[in-house]
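Q: predicted model follows, preceded by the sequence.
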Amino acid sequence: MAGKNLILEGLTVDLDDQIKSKLALYFKNKRRSGGEISELRADPTDERRVVLVYVDDKDRNEVLSRKTHQVDLKGSLGVVTLHVTLPQDVKPEPVLSSEEDFVCYDEAKEDAALLRVTSERRRESLEMFFEQCIKDPILRKHGKNTWILQMSNKSDMESVCASNPQQYGISVDVYEGKEEEDLLDRRRYVLSGLDDCCPSDTISMYIHSCSHGAEHSWEAVSGDSIVVTFKEDIDGCQFLTKTFTKRFNNKKIEAFRLELTKSVIVHGNMSQISEEFLTLYFSNKMRSGGDIIKSFVHVNQNKSIVITFEDWKVAQRVAERKHTVMEKVLVAQLFYPDLQWVLTGQTHLQDNFSTDIAIPVTPDLLSFINRNEIFREELTSALQRVQAIVSFNIISKHPQLELKMSMNKYSLGHFRHGPSWETNARREVQTHLEKYIVEHIPMKAEVWQRVKGSCPEVNVATALISFKICSSELLVVGRWEEVETLVKEIKSKMEKASDELHVVKNTIEKGIQFVSKEMLDLTLDLVRDELVNVDLSKNNEHFTIHLKGLSEKVEMAETLIQKVQDTLTSKKLDSSQNLVQFLQSLDLTKFQNDHFSLDNIVAVVICGKESVTVLAKKGDIVRAENKLKEVIKQEALSISGEYNKEKFGEQWKTFNAELKKELDATQNSQNVLIEFSEDKIKLCGFRSVVDIVIAKVKGCLENKKVVTKDIPLKTLQEVEFVESFMNLPADPQLKALGVTVLPCRSPQSPYLKVTATSDQIKEAIHVVKSHIKTIATRKYMYSKAGEAKILKDNISLLKMQAKGLCCNLKLSEQNIPQRFSYYLKGGVTLTLSQGNIAKQTSDVLICPLVNTSFNNPVAQQFLKNGGPGIKNAIVRLERLKQSLVTGDVIMTIVDTLKSKRLIYAAIPVWGKSNSDLNSTHLVTAVLQSLLKGANHQCGSLGMPALGCGTFGCPVKDSCEAIMKGIRGFIGLGCGSMTTIHLTESDPKTVEGFKSALESLVGGSFNFFFGSSCILTNC
């Protein structure tokens, strides 16, 4: 089948499944590649070569004739140029096939030219470059990234130098072989091209065949190289010629002489020896064999150092001696910096290292990784890179990972990696397992039954939740980041479920019987604010209260209710039928609030069919009775015998109709009850209204004309003050004139209605106005932090105290946004305020994002105010399959916000990575945002409290990072940016920033607090 295969070369990265699928699509397309493959497989000798297998010779030849193929591998690789060639067994690689074709540069003809070539490019690339300049170039490996280019004559050398190799990363200079001869070790050679698959037991045979059986040892070093050390001098030119022309295991071998080293590595306990003393010792030729030291480098502190001398002979001499310094034995060995290796000159083929190990792993974690195909494959692949095969032993008594070395026992890789295999394998396993965590959460089974129904759905690819009945614990296994989030959420639900379970177990119900609905309601009013953590319900039909809650809380509530009941008493009042009827017509709840509560009288009026009872605290029963007498007045006017009752009865009807009409107009008809009989007119109602009616009735009886005039007042508060404090009907002057004064609460035009006889009305008006002139109104604003809340919480007590001072107090509230100003260096003003950042009018605003996601409250504010169009810049990034890295910022222009420019800043989320790194990213985002705004001539910038809220950053840390970014910006020169607005909607965050800024910035600032109260006194 080799005759129908092609080799594909030119890949810049190792072949993986994704690249393999792209190549298969291309070479199966006959139109694009020229033929159709039957199979595509990796080249076992080179991870960057691919074998194309064809069934039809015609297809293979057509693909081969095109030589190069442009294949789009997508992603970062893009379009690459690949070359197809025949396999080696069909078309031999163009290398020298006989010793006669090779000329050792040590024995080159006089007119031959040698150039030293230095480059990191591969040999194939170098050969292609030199083939375009000269004919039949011979390229020999000479060292790390170094070759010797042998040419026929000086003309070829001039052609190479004139081809400008520097532009391809190739450096050339004339090689003076004779001058460098003394710097090369005649007994040590580096052989490269020996990969891990090479059989180690035949390497010596190969070396013997190339050196005529010279006695030697060899040591494997890093990469694909070994170092051969001969016991005696050999014909180096002949050895190099043999290795150049003879393959090993069908592989081309490159050899070159190793440069003599000037360095030694010294091992031993040097913790008690100073560097100065070591330098003196190894500089002393008599003591150590050393001499002038060129460099002194610590490899492992106090355990090993690399010393480089001026002369390689000194290094050889030091390595041959034994050293004791301050009673500490030190061992010096030759160290080769280019190889980064210590050479001993011995071949170590004995198998004295481990090739299989067992690593204990917790059963739950091991089972989780084993059942998860992605994680199992991830671990398997990681161990393959360190030549280990893994198997999961989960059924034994002690679950463990069992590792075996994947290299053949007789391979060079087994010899090369064996000594460090166990260490590397254990390190790789440890590194991988550190990505996971097994979290044990103690939890009772009954709590788990409540929690599991509301547990978050878990993606089995990242974490697993299970409950262990035997140990009463919840097990969460998975990746760190996923488990941390889950555990936090589960613990929150567990605490809630535990509290609920405690409540269920200790919850009781109890009923308390009352003698009346009024007793029940009054008791509830007195105890409601003190009943906490108890569910309360009442049954008005059976006069009962039902308490439900924790036993201790219910018992406390029951005791409290009983105490309140013991403080209450009732008294049946002497009352007429008129009083009963009048009280029945009132809203007694409103009556009690207007007349009892303001005087701090705890009482209710119970109005029966024929009686009136007052229920009150024992100390308030008399006060309540007196208050009723003060507010409500009963009067009976007799009709004297001189009146003709029948005639007056007709007159009364007319008068009563006019009186009722007037009472309706002043909304006082419900405030008085008037009953007319043959010899009496009975009045019952509010005292002020009854007095007016009495005056009018007396005027009617005495046949005097009664007149009513209105006196306007400024505010309803003045009406309330007149009614509550002035008691104008009791004024001696007004009383002598028989005047009545009725307050009218019209919201648009409050006034007093003054009633008197026509001959007395003018004087009555004058007296009333003189009293009104004494009313004074004062307003006081309280806007400091906490003042408004304290005033609102204590308004009832304040009103009582004001009443004792003959003042009527009214509280009104205003909302004023918080605002603080700080003056920074460089002429920059920083303002802190409470509000919506999306409504700011700054020249440019900052919108925080997580990558390209708007899933945070601040970004949602911007979407709500600016509409979906503000996402256009982010949508364009996503179409290009790009994202914002933490700390990145981009600016865009918007038309739907008050600010015409918007900066999107990628903000870190705390808890997902190192907090110090998060703070650094936040500082970067702030600084870059300010610089972008200044570069666009913006004079002001608005930002929220970046990092706070859903991003998880503590307020103090956020403030410090923002200020660090601002100070960095000021240090670079502010340009046109002189104002920075920090706007946050959460009052607690604003208060936290204020405290943090005071400690960071200091100095004076101006502010307005967000809630104020205005107290008005009359």
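A: That came through fine. Keep in mind that what you see is a predicted model, and the values were worked out from it rather than measured.

Q: how about stretch 511-520: buried residues?
A: Buried residues in stretch 511-520, counted by 16 or more other Cβ atoms under 10 Å: Ile512, Phe514, Glu518, Met519, Leu520. Bear in mind the C-beta positions are built from the backbone N, C-alpha and C, glycine included.

Q: chain center to it: distance?
A: When distances are taken as Cα atoms, centre = their mean, to the nearest Å, stretch 511-520 is centred 55 Å away from the chain's centroid.

Q: picking that back up, determine which two of the buried residues of stretch 511-520 are furthest apart.
A: With Cβ to Cβ as the measure, no two of the buried residues of stretch 511-520 lie farther apart than Ile512 and Glu518, at 15.3 Å.

Q: return the set of buried residues in the host helix or strand of Met556.
A: Met556 is part of helix 551-566, with elements assigned from DSSP states H and E. Taking 16+ other Cβ under 10 Å as the neighbour-count basis, helix 551-566 is seen to contain the buried residues Lys553, Val554, Met556, Ala557, Glu558, Leu560, Ile561, Val564, Gln565.

Q: which SSE is immediately downstream of it?
A: The element immediately downstream of helix 551-566 (helix or strand, assigned by DSSP H and E) is strand 568-573.

Q: buried stuff in that next one?
A: Along strand 568-573, the positions that meet the burial threshold by neighbour count (16+ other Cβ under 10 Å) are Leu568, Ser570, Leu573.

Q: who does that strand touch, helix- and strand-wise?
A: Where contact means 3 or more Cβ pairs under 8 Å, 6 or more residues apart in numbering; DSSP states H and E, strand 568-573 is packed against helix 517-527, strand 612-617, helix 621-631.

Q: CA-only coordinates of the helix or strand just after it in CSV, if you can.
A: Toward the C-terminus, strand 568-573 is succeeded by helix 577-585 as the next helix or strand (DSSP H and E). The C-alpha trace of helix 577-585 is given here as CSV (Å, rounded to 0.1, in the frame of the first residue of the first chain):
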residue,chain,number,x,y,z
GLN,A,577,-81.6,58.6,74.5
ASN,A,578,-80.4,61.5,72.4
LEU,A,579,-76.8,60.9,73.4
VAL,A,580,-77.2,57.2,72.5
GLN,A,581,-78.7,58.0,69.1
PHE,A,582,-76.0,60.6,68.4
LEU,A,583,-73.1,58.3,69.2
GLN,A,584,-74.7,55.5,67.2
SER,A,585,-74.6,57.9,64.2
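
Q: show residues contacting the helix or strand containing Gln717.
A: Taking DSSP H and E as the definition, one finds Gln717 inside helix 716-721. Counting by Cβ atoms under 8 Å, 6 or more residues apart in numbering, helix 716-721 makes contact with 713, 743-745, 747, 750-752, 772, 775, 777, 808, 810, 1016, 1018, all of which sit outside it.

Q: can you pick the most crowded of these?
A: With neighbours taken as other Cβ atoms under 10 Å, the top of the contacts of helix 716-721 is Leu752, carrying 24 neighbours.

Q: show me the beta-bridge partners of it.
A: Going by DSSP bridges, Leu752 is paired in beta bridges with Ile711, Pro743.

Q: about what we covered before: strand 612-617 and the helix holding Met556, what's the angle between them?
A: Angle between the axes of helix 551-566 and strand 612-617 is 130 degrees (criterion: axes from the mean of the first three to the mean of the last three Cα atoms, to 10 degrees).
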